[in-house]
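Asks: Task: produce atomic coordinates for the following.
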Amino acid sequence: MATRRQFLVLSSTAALTGLLPEAPASAVGEVAQPHASYWHPATILDWDPATDRDARYNRSSVPLARRVVPARPANAHAHTGEARVQALVAYAPTSNNPAQGALDMNYYATNYWQYIDELVFWGGSASEGLILAPNPTVTDAAHRNGVRVIGNVFLPPTAYGGRIEWVRDLVRRDGDRFPVADKMVQVARHHGFDGWFLNQETAGGDARLTTDMRDFIAYLRRSGLRIIWYDAMTDSGSVSWQNALTARNQMFFTPSDEMFLNFWWSAQGLQSSAALARQLGRSPYDLASGVDVEANGYNTGVGWSALFPEGRPHTTSLGFYRPEWTFKSASGPADFYARDNRFWVGPNGDPADTTTTAAWKGIAHYVTELTPVTTLPFVTNFNTGHGRKFAVGGTVRSTQQWNNLALQDVLPTWRWSVTGTGTKVVPSLDWDDPYDGGTALKITGTPRSANDVRLFATALPLTGSSQFEIVHRTGTGPSRLQAVLRFGTTEEVLDLGGVSGAWRRSAFPLGEHAGATLTEITLRVLPGGPVTALIGRIGVLNPAMTPPAAPADPRAELVSRTDATTVSARLTWTRSPGQVRQYRVYKAGTERVFLGGTTNDAYFVPAIPLAAGETARIEVEAVSEAFDVSAPASLTITGTP
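Replies: The predicted structure is shown next:
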């Protein structure tokens, strides 16, 4: 195995009618930007969401989706119900991490969620904070895809500034309570994430500290949060990486949900770890064998045959440290997506075909994908959560770069699986011509036979009013596109029509399939010449008779001038009743300008065009899961010097 890398992140230093609420811009220099939360063990004791001015902006509100195995998994070699996949990802420095996205496309837009079971929000630094809560945007995207999100506790080696007193502060008792654990539970409940990863690498402990740590873990887990322990501290209190489950670290595994094994594991060590887990009455898949891909990504040497022996059950689960290498090492967004595809799917770029002589065959070769598309309505605009512009209903409403994973849609289950003979079409995600959000699905090529582009595995129970909806556009020639809907072993083929230079919406009733389960959505491209098609939206839904209600009482908590022509603003409102997918914020005027969006009831707008003395009308709309839109709630802001 490669030399172990220390777990360290280096920091960088209203009413609908009548009078509208109005807020003036504050003096230059007053900071409005909310940031993601972090603490030391002693400082978290003072945290109170009622007094933390950023607390409201750090809440995720997307529930954890249910996921299922597809009716027709892509890869016969992959196993189902065995190894799970953890991803330890550092999205940003510990401090100055914008809570709700930013005006920059360059971001690790995680979008192979179908192969990930848990995402650990990695980070921490001795000088800034050791206990990190995830950005709500990350939790929103993960939960929409059925992936748990885990906050991080990083107690660093002394060489990186670690202090044993911080460890003692973490596990200090107050009678039968652990005050820091109580606060960590409060943070997770308030912020909306699922548990904590405990990484204790500070030297200088003793047997008393190990007992306190074991009891701290058990206490924290009794809250219902998911707890993952990292293999470093041992039963003596020393730090000694075992690279396995052993008698020296099992006391921490027993009260935890999972253990992340250090990177120097061996085939024999994994076998003994799995055996010991079973002796303890635990699944061997509660152990995640660590693979450090921070430096080399899919060029990392991995003992795959030890983890996933051919023809036998998986030995343990898999834990990736820093898979955002695919983003960090890329030359730009297109390169990032190519690298990400190779990382998760393999060099063939097809989860159904992972046969290769390459050592790295992709995770799709070993682990069956899962789908969160299990309830109506299901609507996707193929929005990846970042882009060069932002469109709404086919009209570009902002030409500003952006990232905000809270707005990410569920993306295709299979990226990309195309069947047919001869030359095939090429699917991709396109940032140049989105329909709604920042991305559309693009299909190009000259197929020599009928090509089936498998897109979504679903488990959608249909009713008498269900319908399939698609928005697409083509070039100057016939589209030759069909939608193929699969119901178990039967299919229905829907012709999507002819030439469509503009966005075209088509809806097909599915009432004859009432009581059946839709299991797959595919696009078929017929031969006959070159094809260039953009798919802006796909949905299966029961059309709503009424749109969602508008949010109420929009307010500006703080408006700050950023330069002579721009202000930023903290906005809040009262949620609309019923289920809302997201809220979108606009500047009204001759041309309506999209300013951002959130699943929350509070949003920081980083840039509103507004010169001194000007007044702007800001509108907030509720958007349903089917992308029905409410009437706007409005307020005004005034730009003062």
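
Asks: For stretch 289-305, output the C-alpha coordinates as CSV.
Replies: Extracted in CSV, the C-alpha atoms of stretch 289-305 (Å, rounded to 0.1, in the frame of the first residue of the first chain):
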residue,chain,number,x,y,z
SER,A,289,-11.0,-0.7,4.7
GLY,A,290,-9.3,2.7,4.0
VAL,A,291,-8.0,3.6,0.5
ASP,A,292,-6.1,6.9,0.3
VAL,A,293,-6.8,8.4,-3.2
GLU,A,294,-5.9,12.0,-2.3
ALA,A,295,-2.7,12.0,-4.3
ASN,A,296,-3.2,9.6,-7.2
GLY,A,297,-6.9,8.9,-7.6
TYR,A,298,-7.6,6.0,-9.9
ASN,A,299,-3.8,5.5,-10.3
THR,A,300,-3.6,4.4,-6.7
GLY,A,301,-2.5,0.8,-6.1
VAL,A,302,-5.2,-1.1,-4.2
GLY,A,303,-5.4,-4.7,-3.1
TRP,A,304,-8.7,-5.3,-4.8
SER,A,305,-8.5,-9.1,-4.6
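
Asks: Give me the contacts around it.
Replies: 1-2, 4-5, 231, 260-263, 265-267, 270, 307, 315-323, 325-326, 329, 339, 342-343, 359-361, 366 (CB atoms under 8 Å, 6 or more residues apart in numbering). All C-beta atoms are positioned from the backbone trio N, CA, C, and that covers glycine.

Asks: swap in stretch 209-224?
Replies: With contacts defined as CB under 8 Å, 6+ apart, stretch 209-224 is touched by 164, 167-168, 170-173, 177-178, 181, 184-185, 196, 198, 200, 227, 229, 233-237, 251-252, 254-257.

Asks: which of the residues in it are buried?
Replies: Going by neighbour count (16 or more other CB atoms under 10 Å), the buried part of stretch 209-224 is 209-210, 212-217, 219-221, 223.

Asks: got it, and stretch 452-469?
Replies: So, applying 16+ other CB under 10 Å, buried residues of stretch 452-469: 452-460, 462, 466-469.

Asks: Ok, stretch 141-160 next?
Replies: Those would be 141-157, 160, for stretch 141-160 by 16+ other CB under 10 Å.

Asks: quick one: low-confidence parts of this structure?
Replies: 1-31, 476-478, 499, 641 (pLDDT under 70).

Asks: Give me the domain ranges for it.
Replies: Following automatic domain parsing, the chain resolves into domains at 14-32+545-641, 60-365, 378-541.

Asks: May I have the distance across the last one, first residue to last?
Replies: Okay, so that is domain 378-541. Domain 378-541 has an end-to-end distance of 6 Å (CA to CA, to the nearest Å).

Asks: swap in the second one?
Replies: Taking CA to CA, the first and last residues of domain 60-365 lie 33 Å apart.

Asks: Now find how far off-centre that domain is within its chain.
Replies: 14 Å (CA atoms, centre = their mean, to the nearest Å).

Asks: cool, and the first one?
Replies: Chain-centre distance of domain 14-32+545-641: 25 Å, with CA atoms, centre = their mean.

Asks: beta partners for Arg473?
Replies: Leu534 (DSSP bridges).

Asks: need the contact list for it.
Replies: 500-504, 533-534, 536.

Asks: Name the nearest of those relative to Pro73.
Replies: Pro73 has its nearest neighbour among these in Ala533, at 26.6 Å by CB to CB.

Asks: what's around the closest one, how many residues?
Replies: The tally of other residues near Ala533 (other CB atoms under 10 Å) stands at 23.

Asks: what sits against it?
Replies: Here Ala533 is in contact with 442-444, 472-475, 479, 481, 525 (CB under 8 Å, 6+ apart).

Asks: what do you get for His191?
Replies: 37, 58-60, 133-134, 136, 139, 151.

Asks: Kindly report the same for Glu625.
Replies: Counting by CB under 8 Å, 6+ apart, Glu625 makes contact with 377, 379, 579, 581.

Asks: Buried only: go through those residues for me.
Replies: 377, 379, 581.

Asks: For the nearest residue to the first one once chain neighbours are set aside, give its distance to Val580.
Replies: To tie it back to what came earlier, the one meant is Pro377. Of all residues not flanking Pro377 in the chain, Leu541 sits nearest, at 3.4 Å (CB to CB, 6 or more residues apart in numbering). Distance of Leu541 to Val580, given as CB to CB, to the nearest Å: 15 Å.
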